[in-house]
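In: sequence isn't available, so here's the structure alone:
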């Protein structure tokens, strides 16, 4: 492993499937990487490193620094990659923000809306970048992760660029990710990109979880397509009300992309919410469909499809013993 010219100290806050992929490939590229996660993963990394398999090839990375709690951290980091579930963002942001280098950045690589705002409250908006991630990975065993689907490059950008000029940092981190083997690019409108992911996730994730099917099955049935169309229509209207400069002229234009390209490229993907329900874990429904519902209400817009899916997932979570709040 030959260190790159601009070797950086990176903390991955959340050593789940996504965090392990980013951490392993950045470590193989020569960066100094600390993994913050549960002992079940960090213990496995101590003995065997991190193994990545699947669509991006076979890779093994070793030489990590490890922590199971933020109190064990001691370095100052050039970047903290936040890969925890959205409901943990506020707490994790507050815990790791003190360990940022003076010019360091927190980079949200998460699902849903509200994460950037929560991290900005912890570290200041001038230290926060947003990432749109639309590849999928799953933990095969402790310390072993598989990249299962890939739809588009990771996009890195500045939330509300006119307020915080971090374009150079966003471009640099996108380049570092790409050099490590994670397809990535800079975006000059990351807010629109994140809303695009919400349109995709809100339609597929909860419906697939409730029905227990992969994404492709949802596109093959007229009834589920009708539900997804309604979810997308509502979310699109809310984004317009939020003054988001979406790259599609209408919800119909987005749906053409959704059904023709995005859904086929992730056809066999099992929803993360389904996996959460199967494990009895809390889901990210509140940051996805719940945010569409909440923001729609604030603009006087009705979002019955998103409201119903939110309520059903919360009810299902509670019935299985997870936390529905």
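Out: Structure received. What you see is a predicted model, and the numbers here were worked out from it, not measured in a lab.

In: check which residues of the helix or strand hosting residue 224 are buried.
Out: Using DSSP states H and E, the element containing residue 224 is helix 222-241. For helix 222-241, the neighbour count (16 or more other CB atoms under 10 Å) marks 224-225, 227-240 as buried. Just so you know, the C-beta spots here come from the backbone N, C-alpha and C atoms, and that holds for glycine as well.

In: what's the mean pLDDT across it?
Out: What helix 222-241 shows for mean pLDDT is 98.

In: list the helices and strands that helix packs on?
Out: Helices and strands touching helix 222-241, by 3 or more CB pairs under 8 Å, 6 or more residues apart in numbering; DSSP states H and E, are helix 190-211, helix 215-219, helix 251-257, helix 289-298, helix 304-319.

In: helices and strands around the longest one, which ones?
Out: Packed against helix 190-211, as judged by 3+ CB pairs under 8 Å, 6+ apart, are the following elements: strand 128-132, strand 154-157, helix 215-219, helix 222-241, helix 272-279, helix 289-298, helix 304-319.

In: buried ones in that helix?
Out: 190-210.

In: quick one: that helix to chain centroid distance?
Out: Distance of helix 190-211 from the chain centroid (CA atoms, centre = their mean, to the nearest Å) equals 11 Å.

In: relative to helix 304-319, how tilted is that helix?
Out: Angle of helix 190-211 versus helix 304-319, following axes from the mean of the first three to the mean of the last three CA atoms, to 10 degrees, is 60 degrees.

In: poorly predicted segments of the protein, please.
Out: 1-5, 161-164, 320-325 (pLDDT under 70).

In: show me the domain layout of it.
Out: Per automatic domain parsing, the domain ranges recorded for the chain read 9-188, 192-319.

In: between the two ends of the shortest one, how far is it?
Out: To tie it back to what came earlier, the one meant is domain 192-319. Using CA to CA, to the nearest Å, the end-to-end distance of domain 192-319 comes to 35 Å.

In: quick one: buried residues of the lengthiest strand in the chain?
Out: Secondary structure assigned by DSSP state E gives strand 100-108 as the longest strand of the chain. Within strand 100-108, the residues scored as buried using 16+ other CB under 10 Å are 100, 104-108.

In: and stretch 78-98, by the same measure?
Out: Quick answer for stretch 78-98 (16+ other CB under 10 Å): 78-90, 92-93, 95-97.

In: angle of the helix holding residue 224 against helix 304-319?
Out: With the same axes, to 10 degrees as the basis, helix 222-241 and helix 304-319 are set at 110 degrees to each other.

In: can I get the helices and strands packed on helix 222-241 in a markdown table with distance to residue 175?
Out: Formatted as a markdown table, those follow (distance: least, CB to CB, whole Å):
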| stretch | distance to residue 175 |
| --- | --- |
| helix 190-211 | 16 |
| helix 215-219 | 31 |
| helix 251-257 | 26 |
| helix 289-298 | 30 |
| helix 304-319 | 36 |
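
In: which of those helices sits closest to residue 39?
Out: For residue 39, the closest of those is helix 304-319, at 24.7 Å, according to CB to CB.

In: packing partners for the closest one?
Out: With contacts taken as 3+ CB pairs under 8 Å, 6+ apart, helix 304-319 sits against helix 190-211, helix 222-241, helix 272-279, helix 289-298.
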